[in-house]
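Peer 1: Provided below for reference: sequence and predicted model.
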Amino acid sequence: MGKFVITLRKNGDPQFVLKASNGRVILASQGYKSKKSCLEGIDSVKKNGPMEERYERLAAKNGQPYFNLKASNGQVIGTSEMYSSATAMEKGIESVKKNAADAEVEDLSI
């Protein structure tokens, strides 16, 4: 089972990552202005994560594939790591779909 982990950025803003059952980070959020907003972001990942149409597949300037998960309003709620191949990226998307909905939340920002 996956896990959301909330931490604080250097500037004090909360952020979250979604980790797969193997502990690897598969999705990272932006910084939020409040813990409440961060928790709402996690809820949005849980809601939108299973939906194929919410994934935007992209390539970095160096050609490495990655993806964004977007909310219904088009706002990015999480970004993946850079992958070595499109196949690896697709496995990352499947991992978010599999892990997000039932993931527990661990708050390390306290």
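Peer 2: Perfect, thanks for sending it. Numbering: from 1, shown residues only.

Peer 1: For the rest of this, base every contact and every neighbour count on C-alpha atoms.
Peer 2: Noted.

Peer 1: Show me the shaky parts of the chain.
Peer 2: Within the chain, no stretch has pLDDT under 70.

Peer 1: which residues sit in contact with the residue nearest to the spatial centre of it?
Peer 2: By CA atoms, centre = their mean, the mean C-alpha position of the chain lies nearest to residue 27, the distance being 2.7 Å. Shown in contact with residue 27 (CA atoms under 8 Å, 6 or more residues apart in numbering): 17, 18, 19, 78, 79, 80, 81, 96.

Peer 1: Please render those residues as CSV that adds distance to residue 110 and secondary structure to the earlier fields.
Peer 2: Output for the contacts of residue 27, formatted as CSV (distance: CA to CA, whole Å; DSSP: H, G, I helix; E, B strand; the rest coil):
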residue, distance to residue 110, secondary structure
17, 16, strand
18, 18, strand
19, 19, strand
78, 22, strand
79, 24, strand
80, 25, coil
81, 26, coil
96, 25, helix
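
Peer 1: ranking those by neighbours, who comes first?
Peer 2: residue 18 (28 neighbours; other CA atoms under 10 Å).

Peer 1: tell me which element the closest residue to that residue other than its chain neighbours is part of?
Peer 2: Spatial nearest neighbour of residue 18, excluding adjacent residues (CA to CA, 6 or more residues apart in numbering): residue 4 at 4.5 Å. Per DSSP states H and E: residue 4 is located in strand 3-8.

Peer 1: Show me what that strand is packed against.
Peer 2: Applying 3 or more CA pairs under 8 Å, 6 or more residues apart in numbering; DSSP states H and E, we find strand 3-8 packed against strand 14-19, strand 104-107.
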